[in-house]
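1. Next one to model:
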Amino acid sequence: MNDSTITLPWLVIRQDDNGNRYRVGRYATRAEAQKIADSLDDRGHKQLYWVERIGQNGDATRNA
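-> Numbering: from 1, shown residues only. Now for the predicted structure:
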């Protein structure tokens, strides 16, 4: 990786009432992603939001 490459390994995921999952956004830090997930969760809707990290192999791991 070089200096011009921006790494965004943290995902915010939303799950709706039907169990469908969507990527809300990608973020550089866990704190940034968690702040977004918390602010969306605080809106009081039935959707579930959580943070996942993309590993080097491209798989996401949940960090609730």
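2. and the spatially most central residue of the chain, bridged to which residues?
-> The chain has V12 as the residue nearest its centroid, 1.7 Å off, counting by Cα atoms, centre = their mean. For V12, the beta-bridge partners under DSSP bridges are G25, V51.
3. surely it meets L48?
-> No: with contacts counted by Cβ atoms under 8 Å, V12 stays clear of L48, the gap being 11.2 Å. Glycine gets a C-beta too; all of them are placed from N, C-alpha and C.
4. can you tell me how far the residue nearest to the centre of the chain sits from L40?
-> 7 Å (Cβ to Cβ, to the nearest Å).
5. Please enumerate the shared neighbours of those two.
-> Overlap of the contact sets of V12 and L40 (by Cβ atoms under 8 Å, 6 or more residues apart in numbering) consists of 24, 49.
6. ok, the closest residue to D16 other than its chain neighbours - contacts?
-> Distances taken as Cβ to Cβ, 6 or more residues apart in numbering put Q47 closest to D16, at 5.5 Å, once the chain neighbours are dropped. Counting by Cβ under 8 Å, 6+ apart, Q47 touches 14-17, 40.
7. and if you look at D42?
-> Counting by Cβ under 8 Å, 6+ apart, D42 has no contacts.
8. give me the element D38 is part of.
-> D38 is part of helix 30-41, with elements assigned from DSSP states H and E.
9. Quick one: mean pLDDT over that helix.
-> Per-residue pLDDT over helix 30-41 has a mean of 95.
10. Can you name the residues in contact with that helix?
-> 10-12, 14, 24-25, 27, 47-51, 53, 63.
11. from the residues you listed, which has minimum pLDDT?
-> When the contacts of helix 30-41 are compared by pLDDT, N63 scores lowest at 56.
12. Can you tell me how far the residue nearest to L8 when sequence neighbours are not counted is from L11?
-> With Cβ to Cβ, 6+ apart as the criterion, L8 has its nearest non-adjacent residue at 3.8 Å, and that residue is R26. From R26 across to L11, the span is 6 Å (Cβ to Cβ).
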